[in-house]
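K.L.:
coords below, sequence missing:
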């Protein structure tokens, strides 16, 4: 089997997708595609089926059943420019390879994240880690921007002055703010990338990392359209109910559902079977 | 905060729990407990709440929301004796530390897995990787056991003969069967252990690894009872519905559920809120 | 075998070891000790030898031959308070578990790293990532401290003002400088900890992370004295020569060294053998 | 920068390189090359130098100083057919992605490893895990082969008989010997691949895995010739001396070496400096 090249992916290769005021995401390289997921799975399951529709069925089966290793066979390499506070959240995903711009070796450029006025929000009361939806009055938003911009300028002036004295870069940089932009190469396999996207596209993720995740999701969708669709259907738009919730819901679930009814929703043969198994499991709880 | 010692865990420390015909699981050591999960989480969330019931609420919140890092702060070390074909599945979990008995250094003892008669089953038709529930006639089961035992004996005789010639151990062992027992020390953190248990306690896991997972689950339950209960409620006994399934079920879900009704099922304040959010999300799909 | 408890390690448990102006390292918990390294190795190698001197010989053999898995069987959990720019270097070690104080959940305390005057140095010319040894004149050092302290104050004032407006914490914090202190729980196994120490105790590591590594090294030495000694002898104080260097040095190396001479340097039987093998390898290059 | 395609690598893509009697290694895909190592390093170090000779100098510098992250930016995917006892050693390298042929899903083909007569050796006395160099008499080697082949046949007959009864595949396979061939897709980054090669090309590695490592080394050399050369010079053919050994050797090392002498051995400017630093370090021990 020849190397997998996806013409639509080739088109976006090396293109900068803008994120926030100065950031970007750029797909530097990728290895594999939907076909390589199938190829890897078939090592385990034996050959047999081969048409495109069967490939789709297999990929969806793997996603549904968390057979994650075939997704690890596809690799993505991104070049990302992002504020340091975003980089600090991002790096917590340990199953990736990173080369970051170094403030010990190089002089940091004067580029800071300044939020759009409309994303400046109050602290949420219900969600200790998030923002409220209520509007902040324009004069306060203005003042916030003023504080941010002024402070960024004065921090950079201090940095510049210390560099002018020829103070070691690794020391001169220590007062630079978390809103400064850095950049890195970031390489990750598709399984772990889906995990990253799931956590960072979540409504509880901080807005400033969510926009990166959303941009990358579009890139991933272009490179592996079938796998991405399965990710949307079985992970991103799925809902998990706990034991307590299922016991409460038990009486609402239908005792039986006709095959006809199911057909309408586009279930595969296996999905149908699995769906009935779930209903059975719940009814027996 | 002093080191966490759990008296019930201390009691089972170093005890051999028998599995299969010659295997066992033994908890060699552990670090931390329910309290250390809370302790780690509170570094992130700030102090505040401190009673035991609040600890339980926090642990359950973390489990429900896949805030997995605090669970990584608890560590387990097991000594396990297991057939090689089980070891081959087990080792696929890469986020653990392993020291295995080596057939290059040491002579393998003559101990083989022989299945109980009642777990000898036909190939399942519906499940390509599993066993059927239909009974296998006694004479066939007998013959299967005969083949297995005879073959194990003759393979070990060959091994012994080669060792008698002083052939290198690393070579003499190559014909030993996958049913031979090996043993290892296996160290893993609680988050990854839960992942292991989830996959290997599943009904689709091979029986011979499932019994190990089930034995370990009892040990884990003893060491971290609150975390284990949360694992049961939110992971093990949860059900995830895909986008298609939710669309189909949409009309069955109740439009509203009274607070009274919910109370009965023991929801926490947050769980209630989250449950309503799920229903809302589904109704809007 | 009972759990390994090391009385000297128990003594330093939970003690804060001061680092930099506001930072610290605290050993929260540990699992295992020198004995558990031996215990794990003996699963692979078979039992046999058992005296303490033989334990030391085995541990040193394992270290010398990079048989790293037995060292993975010992686990350390630290509580560390450190400036964010140090945390950013530290987190690059991916094989550890981390729970960090979160500026999204909690208000960051006003604590900043301010360097001692005598570590304020010029940029090194020869080493792009380091500091020069040349003295910086007092008036420049004074000015550097002035810039740092002033800027830290003004950045925190801006943070405080935004919090007073009730701006979301996750946003208010974005201009806080990299010199701000954060804290985390950090758990790692001994093999990976040695790797961390090797890289971060190196003279090319930034001073501000090196002092943490040195503090931790003392803790590790207390918990696993034999393994730490082996680490010093075979890793930290070893020198590796490249092919080119060996070819150049070839003619300087002695053709033979008497057993007597070697005895004086405290080689074990195996080390002696291995040493002669190295000389032979080099003479044949 | 466009994607890195190496014409010589393209030539060997998908080619089966035979190993042992039935095994092979096949390069299925790769991402990146020498240029991508440089590209990733330059994100950290800033741009500047760009000629091919400077690329080589940079790659060699990175290798020498264990700046490993840029090497992680190159990825290899192999298809390998190998005996199960080799697979068991191989899988211990956890930093790779694997999809293996499954004996639960599929029927194992009747293909076994049978060693060449000349690799049948006695147990080594000095090396507990290895083979002696002494010749084994032909009649014993013959007998060993007889035992192996006979046993393989009879184990497969038993397997076949159980399959004929329609016994579950996951059970029927448990007596298959470790000499049976399996196959897998194995994906790994260059840094971890070099680590694998270092350990498995070592003279202490078992012959049957060493031949795989050697075959892969040739493939790696084709894909990243400059990085591989650096690996040979600084890792594979380097020698590390312990503290004890250095103290013993101290008096043999030259006090000074003329620049002229060094020139002859092809040192770069930095290597020269580093070499003198090593000599200084040793003289001061």
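P.N.:
Thanks, I have the structure now. Just so it is clear, the model here is predicted, and its values are computed rather than measured.
K.L.:
Find the residue at the geometric middle of chain A.
P.N.:
For chain A, the residue whose C-alpha lies nearest the mean C-alpha position (Cα atoms, centre = their mean) is residue A:197; its distance is 2.2 Å.
K.L.:
surely that residue meets residue A:215?
P.N.:
No. Look at residue A:197 against residue A:215 with Cβ atoms under 8 Å: they stay out of range, at 10.6 Å. To be clear about C-beta, it is placed using only N, CA and C from the backbone, and glycine gets the same treatment.
K.L.:
that older thread, which element is encountered next along the chain beyond the host helix or strand of the residue nearest to the centre of chain A?
P.N.:
Using DSSP states H and E, residue A:197 sits within helix A:190-200. Moving toward the C-terminus from helix A:190-200, the next helix or strand (DSSP H and E) is helix A:207-223.
K.L.:
Could you list the residues in contact with that following helix?
P.N.:
A:6, A:8-9, A:12, A:17, A:19-20, A:23, A:25, A:27, A:30, A:33, A:74, A:76, A:78, A:80, A:82-83, A:85-86, A:89-90, A:113, A:115, A:119, A:131, A:190, A:193-194, A:196-197, A:200-202, A:205, A:228 (Cβ atoms under 8 Å, 6 or more residues apart in numbering or on different chains).
K.L.:
Now do stretch A:145-155, average pLDDT.
P.N.:
Mean pLDDT, stretch A:145-155: 98.
K.L.:
Pull up the per-residue confidence for the residue nearest to residue A:84 when sequence neighbours are not counted.
P.N.:
Here the nearest residue to residue A:84 in space, its sequence neighbours aside, is residue A:178; by Cβ to Cβ, 6 or more residues apart in numbering or on different chains that works out to 4.8 Å. pLDDT, the model's per-residue confidence, is 98 for residue A:178.
K.L.:
Likewise for residue A:131?
P.N.:
Reported pLDDT for residue A:131: 91.
K.L.:
Verify the stated contact: it with residue C:170.
P.N.:
Yes. Between residue A:131 and residue C:170 there is a contact at 7.0 Å, judged by Cβ under 8 Å.
K.L.:
Chain neighbours aside, what residue packs nearest to residue A:80?
P.N.:
The shortest distance from residue A:80 to any residue that is not its chain neighbour, by Cβ to Cβ, 6+ apart, is 5.3 Å, and that residue is residue A:25.
K.L.:
now that neighbour, what's its secondary structure?
P.N.:
Judged by DSSP: H, G, I helix; E, B strand; the rest coil, the three-state class of residue A:25 is strand.
K.L.:
I'd like to know how far it sits from residue A:217.
P.N.:
Counting by Cβ to Cβ, to the nearest Å, the gap between residue A:25 and residue A:217 amounts to 10 Å.
K.L.:
Which one of these two is surrounded by more residues?
P.N.:
Taking residue A:25 and residue A:217 together and counting by other Cβ atoms under 10 Å in any protein chain shown, residue A:25 has the greater number of neighbours (23 against 20).
K.L.:
ranges for the helices of the stretch 51-200 of chain A?
P.N.:
When secondary structure is read from DSSP state H, counting those that start in this stretch, the stretch 51-200 of chain A shows helices at A:52-64, A:84-90, A:138-164, A:169-172, A:190-200.
K.L.:
is chain D contacted by the fourth one?
P.N.:
Translated: helix A:169-172. No. In terms of Cβ under 8 Å from any Cβ of the partner chain, no part of helix A:169-172 sits within range of chain D; the closest distance is 11.0 Å.
K.L.:
That helix vs chain C: in contact?
P.N.:
Yes. With Cβ under 8 Å from any Cβ as the threshold, helix A:169-172 lies in contact with chain C, specifically through A:169, A:170, A:171.
K.L.:
number of nearby residues for the last one?
P.N.:
I take that to be residue A:171. Residues lying near residue A:171 (other Cβ under 10 Å) number 24.
K.L.:
That one touches residue C:121, doesn't it?
P.N.:
Yes. With contact defined as Cβ under 8 Å, residue A:171 reaches residue C:121; the gap is 7.2 Å.
K.L.:
Quick check: neighbours shared by those two?
P.N.:
Overlap between the neighbourhoods of residue A:171 and residue C:121 consists of residue C:131, taking contacts as Cβ under 8 Å, 6+ apart.
K.L.:
Tell me the buried residues in the helix or strand bottoming out on mean pLDDT in chain A?
P.N.:
In chain A, no helix or strand scores lower on mean pLDDT, DSSP states H and E than helix A:259-263, which sits at a mean of 83. Within helix A:259-263, the residues that qualify as buried are residue A:262, counting by 16 or more other Cβ atoms under 10 Å in any protein chain shown.
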